[in-house]
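> below are the sequence and a predicted model for it; my questions follow.
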Amino acid sequence: MNCYSRIIGTGSYFPSKILTNKDLEKFVDTSDEWIVTRTGIKERRISEDESTSEMAHKASLAAIESAGISKENIDGIIVATCTPDSLVPSTACYLQGKLGIKGPFAFDINAACSGFIYALAIGDSLIKNNLAQNILIVGVERLSSILNWNDRSTCVLLGDGAGAVILSKSDEPGIRSILLYADGEYTGLLECKAGGSSFLAKRKELNIEDYLFFMKGNEVFKIAVRAMKDAAVAAVEKSGLNFEDIDYFIPHQANLRIIDAAAKRLNLSEDKVIITLDKFGNTSAASIPTALDIAVKSGKIKKGDNIVSAAFGGGLTWGSTVFTF
């Protein structure tokens, strides 16, 4: 019997506070027109007092309920985040404690915006090697906590949220292909040094505002467009499916222009592309699983649909996957 991994449940959670572009105009030198024209983002959610693990917990409960399994059936927890509750312990362990389950492995990974696809690849490998039956995979970010709210080039882009899936062993094809990439030559294009050991070792002499989230947007944009297009195409080619077999494209929700360029390369019409960034902004590792859950819960994506997904983030990292829901 063939062994596959398949997503059997999805969940998402966003904080209740909505920060619109008009709200940003009140304290940042920007405008609603400028943001929408260049990014497609109209508003984002901001966590006022909920931690990363608390948001992950709420998304996880929804995914577990959607999958129709009990918490005790979970063999492992993988959390993709670049905004953990703390350096030690992992957000996955905090989440495990909140779920009230003991024993399953739990760990974090950080591949920035590509984190969910990286986590999915790890989960797929663990299941195919008979090390787990059901894995809770979460992409979650509290990006508002690492923003410099005086930097108009970055603070308008990001939001908070959590998305979760249950990845389970199956005798039917689910994950059909996953490709992962990185290029450390470009680490300086997208960084947040505050909180890392290099920063903390010199924290008395450094201004934390200078070490918060930073991005050279134009340079990242140029690389991201090509990388996401090429990765998505490669994932379809490796999956054994044809481009005509793809029902939907779920891209990382970073920038509408990047998404449009990738969709054109895949020959996908606008109605086949899942877009959520207008309401939630760029939520990094949370963007793909939250978009998936929203599309599933709205009835757009149904069982048996073939999905291609691609992401690009700091590292630089990027990745893609094709899966049958």
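Perfect, thanks for sending it. Because the structure is predicted, anything quoted here is derived from the model rather than measured.
> please count neighbours and contacts with C-alpha atoms only from this point.
Noted.
> hey, where'd the strands end up in this structure?
4-13, 17-20, 43-46, 76-80, 105-109, 134-142, 160-170, 175-182, 190-191, 214-215, 248-251, 306-313, 317-324 (DSSP state E).
> to Ser197, which of those lies closest?
The closest of those to Ser197 is strand 190-191. By CA to CA, the value is 13.9 Å.
> what's the mean pLDDT across the closest one?
Averaged over strand 190-191, pLDDT sits at 88.
> direction included, what does that strand pair up with?
Take DSSP bridges as the rule and strand 190-191 pairs in its sheet with strand 214-215 (antiparallel).
> which residues are contacting the partner strand?
Outside strand 214-215, the residues within contact range by CA atoms under 8 Å, 6 or more residues apart in numbering are Thr154, Leu189, Leu190, Glu191, Cys192.
> tell me how many other residues crowd the first one.
A count of neighbours around Thr154, defined by other CA atoms under 10 Å, yields 16.
> swap in the third one?
The number of residues packed around Leu190, counting by other CA under 10 Å, is 19.
> list the contacts for it?
Shown in contact with Leu190 (CA under 8 Å, 6+ apart): Phe213, Phe214, Met215, Lys216, Val220, Gly313, Gly314, Gly315, Leu316.
> dump these to JSON lines, plus pLDDT, neighbour count and distance to Ala291.
As requested, the contacts of Leu190 are exported to JSON lines (pLDDT from 0 to 100; neighbours: other CA atoms under 10 Å; distance: CA to CA, whole Å):
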{"residue": "Phe213", "pLDDT": "78", "neighbour count": "21", "distance to Ala291": "23"}
{"residue": "Phe214", "pLDDT": "78", "neighbour count": "20", "distance to Ala291": "25"}
{"residue": "Met215", "pLDDT": "77", "neighbour count": "16", "distance to Ala291": "24"}
{"residue": "Lys216", "pLDDT": "78", "neighbour count": "13", "distance to Ala291": "26"}
{"residue": "Val220", "pLDDT": "79", "neighbour count": "17", "distance to Ala291": "22"}
{"residue": "Gly313", "pLDDT": "92", "neighbour count": "22", "distance to Ala291": "17"}
{"residue": "Gly314", "pLDDT": "89", "neighbour count": "26", "distance to Ala291": "20"}
{"residue": "Gly315", "pLDDT": "86", "neighbour count": "22", "distance to Ala291": "23"}
{"residue": "Leu316", "pLDDT": "92", "neighbour count": "24", "distance to Ala291": "22"}
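> Ile8: which of these is nearest?
Distance to Ile8 across the contacts of Leu190 (CA to CA) is lowest for Gly313, with 26.4 Å.
> list the residues that contact that closest one.
Ala111, Ala112, Cys113, Ser114, Leu190, Ser284.
> can you check the pLDDT for the residue nearest the centre of the chain?
Nearest to the geometric centre of the chain sits Ala285, at 2.3 Å (CA atoms, centre = their mean). If you check Ala285, the pLDDT there is 98.
> hey, what's Ile78 bridged with?
Using DSSP bridges, the bridge partners assigned to Ile78 are Phe107, Ile137.
> just checking, what packs against the longest helix along the chain?
Selection of the longest helix in the chain by residue count, based on DSSP state H, yields helix 217-239. Packing contacts for helix 217-239, counted by 3 or more CA pairs under 8 Å, 6 or more residues apart in numbering; DSSP states H and E, involve strand 175-182, helix 256-265, strand 306-313, strand 317-324.
> now these in CSV, with distance to Glu209?
Below are the helices and strands packed on helix 217-239 laid out as CSV (distance: least, CA to CA, whole Å):
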stretch, distance to Glu209
strand 175-182, 27
helix 256-265, 28
strand 306-313, 21
strand 317-324, 25
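> out of those, name the one with the poorest average pLDDT.
Set side by side, those give their lowest mean pLDDT on helix 256-265, at a mean of 87.
> now the angle from it to strand 306-313?
With axes from the mean of the first three to the mean of the last three CA atoms, to 10 degrees defining the directions, helix 256-265 sits at 140 degrees from strand 306-313.
> can you list contacts of helix 256-265?
Helix 256-265 is touched from outside by 38-40, 221, 224-225, 228-229, 232-233, 249, 251-253, 269-270, 273, 277, with contacts defined as CA under 8 Å, 6+ apart.
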